[in-house]
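> Structural data only, the sequence is not supplied:
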């Protein structure tokens, strides 16, 4: 696991000291104090809207990205809501208690240190699930929500194929292997969407294994998921085949090109596990590891679903052609909601 | 919540070319696509809208609005925007803005949704809200949305009227009691 230390990061990013205050007593500069005073209609009384506006300006002054969104999420969270838009107009005008204002202050100070909102709140949503978040375990990205839909769709197509047309067959129990489970977002979403499925989830980092187990327990899914502390780069198929060959391998492996790592935002570089992101020189290192292992893990006609960098589809196509012995074929490339090629569907051919 | 949607007005216009429907690109990937058949209830499949030629029309919005019969929307008529920026996206970005802006091109109606912290859910909700707005736009008073709203209003008025009547009767009764005791 790698995380940049504060000093190392500062040398690399050359940010001005103003952008990275260390103590919150330094944060209340004269400029911010006057902002605090001017925001409120009545002195000492602040509504949710006042506070959001106040912290938005503070974040902007300090060069914090997504100033408005960060402010809204923090204030909503303290008021017990998930988004600012979901707060009733009544609660928007109600004065905040001192305790609430203090909590907002505490959380906002962390944002001033570029901590990602998801870590500040200690939770985030992924599809229908609310999951605990904790640094440095990788925060699920919104694009990855689409990966779930792809797997679910393929599973229903496979089921229709296998069950025939005339009579219902007892529901199959698809076994899914997730490589690099992080917070458990993909594994647990799949368990929810495919009620008959079981998942083997693995991650090389103990913090991720712990967090996935914790989230599984919170969602009462612990009976259907087995979480392994295992590095795929040093695993044999035998170690992973707890329940025999699997129907699906799903992964959001580290796929950032190594040369791109340094230009990532401070939120990522300072707080997230960089090993969850760095895919080596061409971003292909872990992808290739998974594909090499896949044939010995998958049932015939089983599928691998991967999230990748938009440059990878052609690279993977070429790589698979150069490794015909694996009997893996690229079935489809799917775009994410921003129109970028993002997901690969690779299938094991029957012999 | 009603606060969550923002109708940015409409400008009736000719149907526009669909977003991302670049035919040469489509042909390039055609060999990699398998035919997508949407399961009956699911109105859209993420990512596929950029490839598919003819999508099954959206069926009625799920949930309590199942009884309403609304005009179907096809993905081809919709333009979607996300506040995700032009960056690389995916792992390389960690942004929390999950706001979805959805436009129905033929009518020009736009809906903005930031109700949840999940992009997928916001997309779903945006489509439900947009479907209602479009239905209202084309059908006016004939729209089930309009009718249901009117019915709810009527119910509310009825309730108010009965409550008022009840209070008056109580008042009258009390006054009569006081007279009796004198």
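Alright, I've got the coordinates. Computed from a predicted model, the values in this text were never measured in an experiment.
> can we go C-alpha only for contacts and neighbour counts from here?
OK.
> Shouldn't residue A:313 be within a helix?
Yes. Counting by DSSP: H, G, I helix; E, B strand; the rest coil, residue A:313 is part of a helix.
> Next, residue A:228: phi, psi?
Taking degrees, to the nearest 10, you get phi -110, psi 140 for the backbone angles of residue A:228.
> Show me what the closest residue to it other than its chain neighbours is bridged to.
Nearest non-adjacent residue to residue A:228, counting by CA to CA, 6 or more residues apart in numbering or on different chains: residue A:202, 4.5 Å away. On the basis of DSSP bridges, residue A:202 is bridged to residue A:179, residue A:228.
> Now do the host helix or strand of residue B:174, average pLDDT.
Assigned by DSSP states H and E, residue B:174 belongs to helix B:144-181. The average pLDDT within helix B:144-181 is 91.
> one step back: compute the number of surrounding residues for the residue nearest to residue A:228.
26 (other CA atoms under 10 Å in any protein chain shown).
> rewinding a little: could you list every helix and strand in contact with the helix holding residue B:174?
Under the contact definition 3 or more CA pairs under 8 Å, 6 or more residues apart in numbering or on different chains; DSSP states H and E, helix B:144-181 sits against helix B:119-139.
> ok, back up a step: give me the buried positions along the helix holding residue B:174.
By neighbour count on 16 or more other CA atoms under 10 Å in any protein chain shown, the buried set for helix B:144-181 is B:144, B:145, B:146.
> Tell me the one among the residues you listed nearest to residue B:130.
Ranked by distance to residue B:130 (CA to CA), those are led by residue B:145 at 11.7 Å.
> what sits against that closest one?
Taking CA atoms under 8 Å, 6 or more residues apart in numbering or on different chains, we find residue B:145 in contact with B:68, B:132, B:135, B:136.
> so who does the second one touch?
Counting by CA under 8 Å, 6+ apart, residue B:132 makes contact with B:70, B:145.
> ditto for the last one
With contacts taken as CA under 8 Å, 6+ apart, residue B:136 has the following neighbours: B:143, B:144, B:145, B:146.
> Can you name the next helix or strand after the helix or strand hosting residue A:267?
Assigning secondary structure by DSSP H and E places residue A:267 in helix A:266-271. Next in sequence after helix A:266-271, counting helices and strands by DSSP H and E, comes helix A:285-297.
> helices and strands around that next one, which ones?
When contacts are defined as 3+ CA pairs under 8 Å, 6+ apart, helix A:285-297 sits against helix A:237-240.
> residues of the helix it packs on that come out buried?
Applying 16+ other CA under 10 Å to helix A:237-240 flags residue A:240 as buried.
> got the contact list for that helix?
The contact list for helix A:237-240, computed with CA under 8 Å, 6+ apart, reads A:293, A:296, A:297.
> Just the buried ones out of these, please.
Burial by neighbour count, judged by 16+ other CA under 10 Å, picks out A:293, A:296, A:297 from these.
> how many degrees apart are the top helix by length along chain A and helix B:119-139 in direction?
The residue-count maximum for a helix in chain A (DSSP state H) belongs to helix A:145-163. For helix A:145-163 against helix B:119-139, the angle between stretch directions is 80 degrees (axes from the mean of the first three to the mean of the last three CA atoms, to 10 degrees).
> what about helix A:145-163, near chain B?
Yes. Using CA under 8 Å from any CA of the partner chain, helix A:145-163 comes into contact with chain B via A:145, A:146, A:149.
> Can you report how many residues lie near the last one?
Applying the criterion other CA under 10 Å, we find 18 residues in the vicinity of residue A:149.
> ok, now the one 10 residues further on?
For residue A:159, the count of nearby residues is 15 (other CA under 10 Å).
> Let me see the contact set for the residue nearest to it when sequence neighbours are not counted.
Here the nearest residue to residue A:159 in space, its sequence neighbours aside, is residue A:172; by CA to CA, 6+ apart that works out to 7.4 Å. By CA under 8 Å, 6+ apart, residue A:172 lies in contact with A:159, A:196, A:197.
> which element follows the helix or strand of chain B with the lowest mean pLDDT toward the C-terminus?
Least confident element among the helices and strands of chain B, by mean pLDDT, DSSP states H and E: helix B:23-30 (a mean of 50). Downstream of helix B:23-30, the next assigned helix or strand under DSSP H and E is strand B:78-82.
> so what secondary structure elements neighbour that following strand?
Secondary-structure packing of strand B:78-82 (3+ CA pairs under 8 Å, 6+ apart): strand B:100-104.
> Just checking the helix or strand just after the strand it packs on against chain A, any contact.
For strand B:100-104, the following helix or strand on the C-terminal side (DSSP H and E) is strand B:109-113. No. Judged by CA under 8 Å from any CA, strand B:109-113 makes no contact with chain A; its nearest approach is 8.6 Å.
> which strands and helices sit next to strand B:109-113?
In terms of contacts (3+ CA pairs under 8 Å, 6+ apart), strand B:109-113 is packed against strand B:100-104, helix B:119-139.
> will you turn these into a markdown table that also has mean pLDDT?
Converted to a markdown table, the helices and strands packed on strand B:109-113 look like this (pLDDT from 0 to 100):
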| stretch | mean pLDDT |
| --- | --- |
| strand B:100-104 | 93 |
| helix B:119-139 | 93 |
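> Mind checking the ones you listed for the one nearest to residue A:272?
Among those, helix B:119-139 comes nearest to residue A:272, with 21.3 Å by CA to CA.
> Show me which residues of the closest one are buried.
By neighbour count on 16+ other CA under 10 Å, the buried set for helix B:119-139 is B:119-136.
> next one: stretch A:303-321
Neighbour counts using 16+ other CA under 10 Å place A:303-310, A:312-313, A:316-317, A:320 of stretch A:303-321 among the buried residues.
> from those, which ones fall inside strands?
Among these, DSSP state E puts A:303, A:304, A:305, A:306, A:307 in strands.
> Now for the second one: which residues touch it?
Spelled out, it's residue A:304. Contacts for residue A:304 (CA under 8 Å, 6+ apart) come out as A:248, A:249, A:250, A:294, A:344, A:345, A:346, A:347.
> ok, of these, which one's closest to residue A:218?
Nearest to residue A:218, judged by CA to CA, of those is residue A:250 at 22.3 Å.
> Name the residues linked to that closest one by a beta bridge.
Note on residue A:250: beta-bridge partners residue A:178, residue A:305, judged by DSSP bridges.
> so residue A:51 sits right up against residue A:73, yeah?
No. Judged on CA atoms under 8 Å, residue A:51 makes no contact with residue A:73 at a distance of 11.7 Å.
> how about the helices in the stretch 101-250 of chain A?
In the stretch 101-250 of chain A, the segments counted as helices under DSSP state H, counting those that start in this stretch are A:117-121, A:145-163, A:185-193, A:206-218, A:237-240.
> Flag whichever of those has the least confidence on average.
helix A:145-163 (a mean of 87).
> Against which helices or strands is that one packed?
Applying 3+ CA pairs under 8 Å, 6+ apart, one finds that helix A:145-163 makes contact with helix A:185-193, strand A:298-307.
> Tabulate these (a markdown table), appending distance to residue A:104.
Formatted as a markdown table, those follow (distance: least, CA to CA, whole Å):
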| stretch | distance to residue A:104 |
| --- | --- |
| helix A:185-193 | 27 |
| strand A:298-307 | 35 |
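> Ok, which of these comes nearest residue A:260?
Counting by CA to CA, residue A:260 lies closest to strand A:298-307 out of the helices and strands packed on helix A:145-163; the figure is 17.3 Å.
> Quick check: residues of the stretch 251-351 of chain A near chain B?
So far as CA under 8 Å from any CA goes, the stretch 251-351 of chain A lies against chain B at A:254-256, A:264-265, A:267-268, A:277, A:309, A:330-339.
> at 7 Å instead, please
A:256, A:264, A:277, A:331, A:332, A:333, A:334, A:335, A:336, A:337, A:339 (CA under 7 Å from any CA of the partner chain).
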